[in-house]
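Asker: no FASTA, just this:
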């Protein structure tokens, strides 16, 4: 193991080297890089996204709502190619000043409402349609507990473990060990909770399960970072039971395919404008 150390400069400069798979879109400033309006389809809900773990949270929920017969949840899902910098267009930044997918525009009201941050979108849609978020105060709070747990925990899994294990230009033992320990601790948190109840908030499937499954369920099933063996995910038996059960839901299977541009051809639906696009 290399013992080379890095001494930070007194003032960090923006021209410092940035390696890894996403180096071409990393920058220390916000705001648009180019002018481009976003496309708008025929449905009131306009989603601009990519089928990352954060992106599929929203498409899974929308497909779950449609499966319940909520026709007002029909949506257009437009592809945002983050490796090409689509998220820095003027149109996208107008909806999400943080330039991250997913971003939603609800045109069913006047003026239209922008919603950004995946957890905020889940909460907005659950409240708008009255599904997957309990109304009883205790159950509602428990749902939000786990929703916000995911929002706070996932950066350690994605930007921490995922980056250093899968995407960094070089492998370094210290950060991989540091974030592996945290990823396994988080899996243990979930495993202990799911030993107590079938779903995170109790007996019913909620937006908390959708949010957490999109990261940790996929990780447990071997669909994230090719790290299942490394993390020994099979030891988390209650997470496995929960992850497999949710993966069988037709709406989950449909939602995972929306805005997807990789994998086998049958799993790819780069844009979705009607239910038939998934058939």
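Answerer: Received it, and whenever you're ready, just let me know what you need. Since the model is a prediction, treat every value here as computed from it, not as a measurement. Numbers count the residues shown, from 1 in each chain.
Asker: helix, strand or coil: sort out residue 110 for me.
Answerer: Counting by DSSP: H, G, I helix; E, B strand; the rest coil, the backbone at residue 110 sits in coil.
Asker: scratch that, residue 72 is what I was asking about
Answerer: helix.
Asker: give me the number of residues near it?
Answerer: Using other C-beta atoms under 10 Å, residue 72 has 13 other residues around it. All C-beta spots, glycine's among them, are computed from the backbone N, C-alpha and C.
Asker: what do you get for residue 37?
Answerer: Neighbouring residues of residue 37 were enumerated by other C-beta under 10 Å; the total is 10.
Asker: backbone torsions only: list them for it.
Answerer: The phi/psi pair for residue 37 (degrees, to the nearest 10) reads phi -80, psi 150.
Asker: that one and residue 91 touch, don't they?
Answerer: Yes. In this structure, residue 37 is within contact of residue 91 by C-beta atoms under 8 Å, at 4.6 Å.
Asker: need the pLDDT of the residue lying closest to residue 225 once chain neighbours are set aside.
Answerer: With sequence-adjacent residues excluded and distances taken as C-beta to C-beta, 6 or more residues apart in numbering, residue 225 is closest to residue 166, at 4.5 Å. According to the prediction, residue 166 has pLDDT 96.
Asker: do I have it right that residue 166 meets residue 230?
Answerer: No. In this structure, residue 166 sits apart from residue 230 without contact. The criterion is C-beta under 8 Å, and the distance is 10.1 Å.
Asker: what residues are up against the residue most central in space within the chain?
Answerer: In the chain, the residue lying closest to the centroid (C-alpha atoms, centre = their mean) is residue 54, at 1.0 Å. When contacts are counted by C-beta atoms under 8 Å, 6 or more residues apart in numbering, residue 54 touches 100-102, 118, 154, 214.
Asker: tell me which entries of those lie within helices.
Answerer: Assigned to helices by DSSP state H, the following of those qualify: 118, 154.
Asker: out of the contacts of residue 54, which comes closest to residue 44?
Answerer: Distance from residue 44 was checked for each of the contacts of residue 54 by C-beta to C-beta. The minimum falls on residue 102, at 16.3 Å.
Asker: against residue 175, how distant is residue 47?
Answerer: 34 Å (C-beta to C-beta, to the nearest Å).
Asker: in terms of neighbours, single out the busier of these two.
Answerer: More neighbours surround residue 47 than the other of residue 47 and residue 175, with 26 against 15 (other C-beta under 10 Å).
Asker: give me the mean pLDDT for the helix or strand the more buried one falls within.
Answerer: Secondary-structure element containing residue 47, defined by DSSP states H and E: strand 45-49. The pLDDT scores in strand 45-49 average 98.
Asker: show me which positions of the helix or strand that comes right after that strand end up buried.
Answerer: Tracing the chain past strand 45-49, the next element assigned as helix or strand by DSSP H and E is helix 53-67. Of the residues in helix 53-67, those scored as buried under the neighbour-count criterion (16 or more other C-beta atoms under 10 Å) are 53-66.
Asker: good, wrapping up.
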